[in-house]
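[1] A structural model of the following input is requested.
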Amino acid sequence: MGVSETKMREGGIESSIIDVHAHCFTSKALAGDVASQLERLKGRGISHVAVAGMVNDRFDEEQIWGVVPDWVDNRGDALFDEASDLLAHAQRSKGAIVPLLDTRYLWGNVQATLARYMEEGFCGIKGIYLPDSGNDLGVKGVPDTFGITVAQYRKREWEIFSYAERNNLTVLYHIDARRYGDVVAALLADFPKVRVNIPHFGIGRKAFAPFLDRYPNVFTDFSGLLSHMRENQASYRDFIQHYQDRVCFGSDAILYKVEGSLQYLDALHDLRLPEKVLHKVCVENPNKLMGNALSAADKLA
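    Numbers count the residues shown, from 1 in each chain. Model prediction:
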């Protein structure tokens, strides 16, 4: 076991680990519990967690579930308008929570709406590509929920990436590289300068690997893959070592049980990666990906 790994296991905070992928679904009423869990993460070296929060000013209770999996246990706003709750948690966390704007319900003037939320305190963007019911989450999809065409939906996604590029914002973008590889290719070709995290190893390592090979600003995380990491340690160790400059620590944890991030930290240690690779995955790569989002989150306190 390397020195840094030992310090992480024993609770040293000097590691400054960044979890680049979590979700809100949590009301302000749970602030005390969230704060205590963040302290436990800090004790294991996890200093920052990027948390995506949805916003919704148009859709009713029936429509909103068209783009949210029914297994989600929502303990926040009933209509998933999470901006107020997430920003309150972020302010209380004194920089530990980095709020990302989940754009799946974004409607209207994309540029102006994004600018408004960034001014309120969001530090980056979360997107998700759900063009049809064949998506990996098994939800209805955005075009059917909105009553728009796939072409109109794609135009919105391009406007989101364009805004991110112009404003040097990090993008966390959930997309299935196996099914929508053409969209991944088109987005990255048009916006190669955007720092983007395509999580879950692209939902298919074989389909996604060529994008990591070609685009230096593309990162990925192993969120949602806990059971696979435990069952296929050699395979995941090899993939992470091969792409050690692109893989980031991410858990997909929900804010009201954010200490679940520790399960991913344990699974990562169990892969017995070299100390240098661990540091890249937990600290160096997340810092490169997040850019100025970390300092922006510090200013919210």
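[2] beta partners of the closest residue in space to F122 that isn't next to it in sequence?
    Using CB to CB, 6 or more residues apart in numbering and skipping the chain neighbours, the partner closest in space to F122 is L101 (4.3 Å). In this view, the C-beta of every residue, glycine as well, is placed from N, C-alpha and C. Note on L101: beta-bridge partners by DSSP bridges are G53, I125.
[3] L101 and V247: what is the separation?
    24 Å (CB to CB, to the nearest Å).
[4] do G127 as well
    20 Å.
[5] N292 now?
    21 Å.
[6] and these two? Which one has more around it.
    Between N292 and V247, V247 has the larger neighbour count (other CB atoms under 10 Å), namely 26 against 13.
[7] which ones are touching that one?
    By CB atoms under 8 Å, 6 or more residues apart in numbering, the contact set of V247 is F219, T220, D221, F222, F239, I240, K280, V281, N285.
[8] what's the host helix or strand of D85 packed up against?
    Following DSSP states H and E, one finds D85 within helix 83-92. Applying 3 or more CB pairs under 8 Å, 6 or more residues apart in numbering; DSSP states H and E, one finds that helix 83-92 makes contact with helix 31-43, strand 46-54, strand 97-102, helix 110-120.
[9] and of the ones you listed, who's closest to P274?
    The closest of the helices and strands packed on helix 83-92 to P274 is strand 46-54. By CB to CB, the value is 20.3 Å.
[10] got the angle for that closest one vs helix 83-92?
    170 degrees (axes from the mean of the first three to the mean of the last three CA atoms, to 10 degrees).
[11] check which element follows strand 46-54 along the chain.
    Following strand 46-54 in sequence, per DSSP H and E, is helix 61-64.
[12] sort out which residues of that next one are buried, please.
    Q63, I64 (16 or more other CB atoms under 10 Å).
[13] any regions of the stretch 201-301 of the chain where pLDDT drops low?
    Along the stretch 201-301 of the chain, the model assigns pLDDT under 70 to no residue.
[14] which residue ranges of it form helices?
    205-214, 226-231, 233-242, 261-270, 275-279, 285-290, 293-298 (DSSP state H, counting those that start in this stretch).
[15] pipe those into JSON lines and attach mean neighbour count and distance to P69 per row.
    Below are these laid out as JSON lines (neighbours: other CB atoms under 10 Å; distance: least, CB to CB, whole Å):
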{"stretch": "helix 205-214", "mean neighbour count": "16", "distance to P69": "21"}
{"stretch": "helix 226-231", "mean neighbour count": "14", "distance to P69": "17"}
{"stretch": "helix 233-242", "mean neighbour count": "16", "distance to P69": "24"}
{"stretch": "helix 261-270", "mean neighbour count": "19", "distance to P69": "20"}
{"stretch": "helix 275-279", "mean neighbour count": "18", "distance to P69": "31"}
{"stretch": "helix 285-290", "mean neighbour count": "23", "distance to P69": "25"}
{"stretch": "helix 293-298", "mean neighbour count": "20", "distance to P69": "26"}
